[in-house]
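In: Sharing a sequence plus its predicted fold:
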Number of protein chains: 2
Amino acid sequence: MSVQERKQRERAERERLIVATARELAEQQGWDAVTTRRLAERIEYSQPVLYSHFRGKREIIGAVALEGAAEMAAAVRAATSAADGPRGRVVALARIYLDFAARNPAVYDALFQLDGGLPYAREDTPEPLKDAFAALLESLGEVAGDGVHPALFTEVFWASLHGLATLTRAGRLLPEDAARRVELLVDRLAVV
Amino acid sequence: MSVQERKQRERAERERLIVATARELAEQQGWDAVTTRRLAERIEYSQPVLYSHFRGKREIIGAVALEGAAEMAAAVRAATSAADGPRGRVVALARIYLDFAARNPAVYDALFQLDGGLPYAREDTPEPLKDAFAALLESLGEVAGDGVHPALFTEVFWASLHGLATLTRAGRLLPEDAARRVELLVDRLAVV
DNA sequence: GACTCGACCCTAGCATCGCTAGACAAGCGA
DNA sequence: TCGCTTGTCTAGCGATGCTAGGGTCGAGTC
């Protein structure tokens, strides 16, 4: 049995290597540069090996997305737990969210922009995705206001942040006023 | 001279045909299906003809985006001018914006999601894009509130709508609660 | 009215993409 | 030691965006 176990360990290790390498390559040169050939070369295996771990490129993007979701949830919780009061937590959340998107553009794309073949907003949605939304809900639910469903409020707030993140990164919004936009958004949306 | 004029007319006509065909194909089967070969076949010319009009696929996407921007601006102005009061105009704007995005997903992608090689938020930004933003500003500036720069408010409101539009279309948000989200967004963001 | 010459378009092909079939080698269990 | 499973690689398929080069057709000139 120990032989099989060793093989499974090695296999899992290689899978982590694939995901980490794909992410690294995407952050360095964009997802367009993440071709199966380049990826295979970087992990020092041939192309078909990738397909013994993932169905195709889409699933690799999906794996990066799941990893990113877990990181984002952790980052959000860390930031909000260090802040004081409902409003403080919302401000911290908004900042860390946009910061995460700006610092990890490839991961953010994998999560919300690209097709990673993951089911969203459904029962069989992977746990990391549900948990990332839950992390947002924990702080945003506090400031939804009377008579407003916390989840609905979270969706709206999240969508606003997502809009700011994507439009800024796509060059549609100038980064200079980013802080002022966040301030305005929190002031208006959050009920404290 | 009339021969040259005729040729120029025919050339311009063919360019319109290319853009219209690309848009049609994208709306029918998605932008992935818009390959230079398929596009060439549909307009009944060979591939290289496309490159005598546009630098490449990117520029074709950009042309569709410009066409879409003009349409969106017109739609927004039509909807807001038919509504009463500042709040009524904002509600109408939000609805028509999301409606436009839902009805013309390919055009919306060309505008805000894909790389059409267009310069945004700059001095040399094409007129249709500036005008589309201006159309939003006309109604949203009314409800920015005291001490808030109308353009900044417009950016935030626009980003929120963009977030709702993209997340909904990507399956990240369920369409059922769309109306409630718009209502909440307008209630909180707009100062009436 | 014949001819020259330039503008225009098409065929063919390049490098690269995601993905797969089939040959081959390595290492396990008997 | 042998047989077989498991795993990996080489090679190749169809399709992508884009381009080079040849050929045709028609406008303008003598």
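Out: Cool, got the structure. Numbers count the residues shown, from 1 in each chain, chains lettered A, B, ... in the order given.
In: Enumerate the positions of the helix of greatest length in chain A that are buried.
Out: If you go by DSSP state H, chain A has its longest helix at helix A:2-29. Residues of helix A:2-29 classed as buried by neighbour count (16 or more other Cβ atoms under 10 Å in any protein chain shown): A:14-15, A:18-19, A:21-23, A:25-27. Any C-beta I mention is one placed from the backbone N, CA and C, and that applies to glycine too.
In: Can you convert those into a markdown table and add a column each for pLDDT?
Out: Formatted as a markdown table, those follow (pLDDT from 0 to 100):
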| residue | pLDDT |
| --- | --- |
| A:Arg14 | 96 |
| A:Glu15 | 96 |
| A:Ile18 | 98 |
| A:Val19 | 98 |
| A:Thr21 | 98 |
| A:Ala22 | 98 |
| A:Arg23 | 98 |
| A:Leu25 | 97 |
| A:Ala26 | 98 |
| A:Glu27 | 98 |
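In: Which of these sits closest to DNA strand D?
Out: Relative to DNA strand D, the closest of those is A:Arg14; by Cβ to the nearest atom of the strand it sits at 7.0 Å.
In: tell me the SS of the residue nearest to A:Val191 when sequence neighbours are not counted?
Out: Residue nearest to A:Val191 in three dimensions, not counting chain neighbours: A:Gly145, with 3.4 Å by Cβ to Cβ, 6 or more residues apart in numbering or on different chains. Recorded secondary structure, A:Gly145: coil (DSSP: H, G, I helix; E, B strand; the rest coil).
In: same deal with A:Tyr120?
Out: Per three-state DSSP, A:Tyr120 ends up coil.
In: State the distance from it to A:Ala159.
Out: 13 Å (Cβ to Cβ, to the nearest Å).
In: Look at the two and report which has more neighbours.
Out: Taking other Cβ atoms under 10 Å in any protein chain shown, A:Tyr120 and A:Ala159 do not tie; A:Ala159 has more neighbours (24 against 18).
In: List the buried residues in the strand or helix carrying the more buried one.
Out: Per DSSP states H and E, A:Ala159 falls inside helix A:150-169. The neighbour-count check on helix A:150-169 (16+ other Cβ under 10 Å) flags A:151, A:153-169 as buried.
In: so how far is that helix off the chain centroid?
Out: Counting by Cα atoms, centre = their mean, to the nearest Å, helix A:150-169 is centred 13 Å from the centre of its parent chain.
In: Next, the angle helix B:150-169 makes with that helix.
Out: Orientation of helix A:150-169 against helix B:150-169 (axes from the mean of the first three to the mean of the last three Cα atoms, to 10 degrees) gives an angle of 110 degrees.
In: could you give me the average pLDDT of helix A:150-169?
Out: Helix A:150-169 shows a mean pLDDT of 97 in the predicted model.
In: can you give me how far the helix or strand that that helix is followed by is from the chain middle?
Out: As assigned by DSSP H and E, the chain's next helix or strand after helix A:150-169 is helix A:178-189. In this view, helix A:178-189 has its centroid 22 Å away from the chain centroid, taken as Cα atoms, centre = their mean.
In: Enumerate the positions of helix A:178-189 that are buried.
Out: Buried residues in helix A:178-189 (16+ other Cβ under 10 Å): A:178, A:181-182, A:184-186, A:188-189.
In: Would you map out the domains in chain A?
Out: A:1-53, A:58-189 (automatic domain parsing).
In: Just put these in a markdown table and tack on distance to B:Thr125.
Out: Output for the domains of chain A, formatted as a markdown table (distance: least, Cβ to Cβ, whole Å):
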| stretch | distance to B:Thr125 |
| --- | --- |
| domain A:1-53 | 23 |
| domain A:58-189 | 10 |
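In: any idea which of the ones you listed scores lowest on pLDDT?
Out: domain A:1-53 has the lowest average pLDDT among the domains of chain A, namely a mean of 92.
In: That one near DNA strand C at all?
Out: Yes - applying Cβ under 7 Å from any atom of the strand, one finds domain A:1-53 in contact with DNA strand C at A:3-4, A:34-38, A:47-48, A:51.
In: which one of those is nearest B:Leu129?
Out: Minimum distance to B:Leu129 across the residues of domain A:1-53 next to DNA strand C is 30.1 Å, recorded for A:Val34 (Cβ to Cβ).
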